[in-house]
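S.K.: coordinates for the following, if possible.
(chains A and B)
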Amino acid sequence: MTDPKITERAFDLSRRSFIDRVLMTAAGAGMAAAAPWASAAVAAEPTKSNPVRLGVIGTGDRGRALILNIAKTRNCVVVAICDSYAPHLAKGRALVDASVRSFADHRAMLDAGGLDAVVIATPLDRHAKHCFDALDAGLHVWCEKAMARTIADCGAMITRSQAARKVLQIGHQRMFHPTYLNALKRARAGEIGTLTQVRASWHRNNSWRRTVPGDATDRQINWRLYRDSSAGLMTELATHQIQVGNWFLDAVPTRVMGSGSICFWKDGREVYDHVALIYDYAGGRKLIYTSLLNNARYGCEEQIQGSRGTIEPELGRIFQEVPPKVLALQRMHKDVARGHKRTVPIGGATWFPELPVTTPGESLGWGEYDETMLQFEGFGEAVRAGKPLPGLLAQAYHASVASLLGEQAMDRGEALTWPTNLVAV
Amino acid sequence: MTALADVERFVAMGTRIEVHRFGAGADDALAAARRAIETVDDALTIHRPSPTTALNERLLAGQEAAIDDAVLFEALVAIDAAHAETLGLFDPTADRRFGAVGWGDVTFDRATARIAAAHPVALDFGGFGKGFALDRACAALRAAGVGSACLSAGESSIATVGQHPLGGGWPFAIPHPLLPGRTLIELELDDESLSISSTVGAGTQTPERAAMIRPGSGAAVTAARCTIVVDRLGASAEAMSTALIVADDARAARLIGAHPTHRFLFDLSQEAGMPAPSGRMQVQ
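M.R.: Okay, the predicted model is just below:
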């Protein structure tokens, strides 16, 4: 559904502008290999005729956001929705046409037929089951990140989709965001020198706990807080940023170490509200990750740190390493301007204070559109072609594995090496 | 007279670089100077993959290497000359790990651009690299029509192009490394470069800063010394200031005697328990 105040022409221009920006930022030396999915997603001109028919499993907050994004696409349409919790299903119904069928059980939706693919926006521990059922029903699958609750299930989702020759796409919208693509392009062009570290964080100051209505259970509503259904911050937030780290460092981690605690919200939750991890990459490079739920000062940030500068894609800025001025030389400038020639006191050690870069940086540009929409247009074209967007699933798989491995490293208090038994993507 | 001026400020060679241009010159003169310095950094750095790290890997493995990188080749030519000019006291292979092994154990064939070593060694261009980079930046500025410029690499390496924008030399005062507010020496540069080396003073004890190593023994220089060298070329000035720091008295006297108005060695051993009057310094 689009804003009714926006005219069709304005909508088209806005969409075209967004896609042009994605195309522009995804083009260039090295980018074809770094983001092959982006070019593939926008290469086709999707039309509303004969749209890909989607059934959405899960119409909670995220599922409804996805429905709104699907409505913006030119090649996908929601024809069925499903949720086992009636109030969520009712909210989902309010977003779709009356002709859209609704179900309380995903099996019933699959059995009813009339679908080309399903969209899974359910609690993490259900992803694998819903994915398997959809694949078994001969459908393509779009699934929210993280992929699954266990590393084994993440791999199984891939092998099952490959065996079924169906598209499996995971929701990592940053890979379609023009700001991120531009950031990666500029990093690949060497603008910030050699990348040795990514520092990422997702900090909030709220309990993450939702009010439980009288007709629901706490575990239904607050499934993110319980270990059987979620790895908490790692799978619900960190996954996105670990994907960004892998992408910019162009690698998967070699090992991870970390510490997790229930540090502030001691309310019966089972998942950590405070995580700090170090992911090692080849060559000594690192992703330093923190997430916490009782301080929002630094919010959601990624800092791509190179020898010549820093990129902060979440904030849309690129900074060059500009050292502080040499005051004596600065004074010489002023002297010369005034026609005075004075001795310049200079000399000393090479060392200078490591002060933060305080220059305002340069904008990387923002997407005016919602990159989640483009993900679905890409998914629609992939379904039509019967071929996944290149490179996308590998990024998602490795991000999910890394987040789940991080959880294990914190639980065990040990540094864990990257698994050697992952499936080939 | 006033002179139009602009500045390029950035990090390279492990330090802060400033390039101040005065008066005429092409619009992209400063950018060209920056590119020249960053090109040297890319070629000579040992802190990330570079032609030099690739060369070091081969030399440490006891293998001969072909020098394909033009900047590295030119630096090695300059190193070879500087080693000879400093009586072997400037040595890019000086390293505690390798003891007495030095540039003398390295065979560098300019004609074939090949290098080999009798024993495992690794090159570290250190301050020489800064002077070498400034030389190339000065050349870029001159090629861009700049007639007056001042360049600084961490304030311990200075280069000037032409004369001061108000005419005559560029006057600099070098502060005493141990006595705040005191001047060690004042100098004027005239289209010349300046290098300062010191074993004492701010920053010399920082963890990442390598100690001055005496070639032939691999021993760290512990004497409190400061050297200042002026030379037409920054690379030569750097090599000579390093050589003077590690030199024994006899060789220091020989080196200084060749250019007594351009080479200075300050023995600050009596200044360590500051404050002390500047008259107690030995200025050669």
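
S.K.: where exactly do the strands run in the stretch 51-200 of chain B?
M.R.: B:65-66, B:106-109, B:114-117, B:148-153, B:157-162, B:170-175, B:183-189, B:193-198 (DSSP state E, counting those that start in this stretch).

S.K.: make a markdown table from these and add distance to chain A and mean neighbour count to it.
M.R.: (C-beta placed from N, C-alpha, C; glycine too.) As requested, the strands of the stretch 51-200 of chain B are exported to a markdown table (distance: least, Cβ to the nearest Cβ, whole Å; neighbours: other Cβ atoms under 10 Å in any protein chain shown):
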| stretch | distance to chain A | mean neighbour count |
| --- | --- | --- |
| strand B:65-66 | 22 | 15 |
| strand B:106-109 | 26 | 16 |
| strand B:114-117 | 25 | 18 |
| strand B:148-153 | 6 | 26 |
| strand B:157-162 | 7 | 26 |
| strand B:170-175 | 4 | 21 |
| strand B:183-189 | 6 | 17 |
| strand B:193-198 | 5 | 28 |
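
S.K.: now the ones you listed in CSV, with mean pLDDT?
M.R.: Below are the strands of the stretch 51-200 of chain B laid out as CSV (pLDDT from 0 to 100):
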stretch, mean pLDDT
strand B:65-66, 94
strand B:106-109, 92
strand B:114-117, 93
strand B:148-153, 96
strand B:157-162, 97
strand B:170-175, 93
strand B:183-189, 93
strand B:193-198, 92
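
S.K.: which strand or helix spans residue A:318?
M.R.: Residue A:318 belongs to strand A:317-320 when elements are defined using DSSP states H and E.

S.K.: can I get the CA coordinates of that strand in CSV?
M.R.: Only the C-alpha atoms of strand A:317-320 are listed here, as CSV (Å, rounded to 0.1, in the frame of the first residue of the first chain):
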residue,chain,number,x,y,z
ARG,A,317,28.9,9.4,6.3
ILE,A,318,32.5,9.0,5.2
PHE,A,319,35.4,10.5,7.1
GLN,A,320,38.9,11.1,6.1
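
S.K.: which elements pack onto that strand?
M.R.: Helices and strands touching strand A:317-320, by 3 or more Cβ pairs under 8 Å, 6 or more residues apart in numbering or on different chains; DSSP states H and E, are strand A:309-312, strand A:362-363.

S.K.: mind telling me which of those the model trusts least?
M.R.: Mean pLDDT is lowest for strand A:362-363 out of the helices and strands packed on strand A:317-320, coming in at a mean of 80.

S.K.: shouldn't residue A:42 be within a helix?
M.R.: Yes: the assignment for residue A:42 by DSSP: H, G, I helix; E, B strand; the rest coil puts it in a helix.

S.K.: my guess is it contacts residue A:19, does it?
M.R.: Yes: judged on Cβ atoms under 8 Å, residue A:42 makes contact with residue A:19 at a distance of 4.9 Å.

S.K.: joint contacts of the two?
M.R.: residue A:374 (Cβ atoms under 8 Å, 6 or more residues apart in numbering or on different chains).

S.K.: figure out which of the helices and strands packed on strand A:317-320 is closest to residue A:31.
M.R.: strand A:309-312 (14.9 Å; Cβ to Cβ).

S.K.: point out where the chain drops to low pLDDT.
M.R.: In the absence of a named chain, chain A is used. For chain A, the stretches flagged by pLDDT under 70 are A:1-6, A:11, A:44, A:347-359, A:366-369.

S.K.: sorry, I should have been clearer: chain B.
M.R.: B:1-4, B:94-100, B:202-221, B:271-284.

S.K.: got phi/psi on the spatially most central residue of it?
M.R.: Central residue of chain B (Cα atoms, centre = their mean): residue B:238, 2.8 Å from the mean position. Per-residue torsions, residue B:238: phi -60, psi -50 (degrees, to the nearest 10).

S.K.: residue A:390 is in contact with residue A:35, isn't it?
M.R.: No: Residue A:390 is not in contact with residue A:35 according to Cβ under 8 Å; the separation is 9.6 Å.

S.K.: quick one: the helices in the stretch 101-250 of chain B?
M.R.: B:126-143, B:234-246, B:249-258 (DSSP state H, counting those that start in this stretch).

S.K.: returning to what we had before: show me which of residue A:390 and residue A:35 is the more surrounded one.
M.R.: Taking neighbours as other Cβ atoms under 10 Å in any protein chain shown, residue A:390 and residue A:35 compare with residue A:35 leading, 27 against 17.

S.K.: please look at that one and residue A:184 and confirm they touch.
M.R.: Yes: here residue A:35 reaches residue A:184: they are 6.6 Å apart, a contact under Cβ under 8 Å.

S.K.: list the buried residues of the longest helix along chain A.
M.R.: Longest helix in chain A by number of residues (criterion: DSSP state H): helix A:392-412. By 16 or more other Cβ atoms under 10 Å in any protein chain shown, the buried positions in helix A:392-412 come out as A:392-407, A:409-410.

S.K.: now do stretch A:131-151
M.R.: Those would be A:131-135, A:137, A:139-149, A:151, for stretch A:131-151 by 16+ other Cβ under 10 Å.

S.K.: ok, stretch A:327-338 next?
M.R.: So for stretch A:327-338, counting by 16+ other Cβ under 10 Å, buried means A:328, A:329, A:332, A:333, A:335, A:336.

S.K.: so which bits of the stretch 301-425 of chain A are right by chain B?
M.R.: Taking Cβ under 8 Å from any Cβ of the partner chain as the measure of proximity, the stretch 301-425 of chain A contacts chain B at A:307-308, A:320-326, A:328-329, A:332-333, A:336-352.

S.K.: and chain A, by the same measure?
M.R.: Contacts of chain A with chain B, taken as Cβ under 8 Å from any Cβ, map to A:194, A:307-308, A:320-326, A:328-329, A:332-333, A:336-352.

S.K.: these in helices, which ones?
M.R.: Per DSSP H, the subset of these in helices is A:328, A:329, A:332, A:333, A:336, A:337.

S.K.: report how many residues lie close to residue A:9.
M.R.: With other Cβ under 10 Å as criterion, residue A:9 counts 8.

S.K.: could you do residue A:152 as well?
M.R.: 13.

S.K.: how about the secondary structure of it?
M.R.: helix.

S.K.: next, count neighbours for residue A:128.
M.R.: 21.
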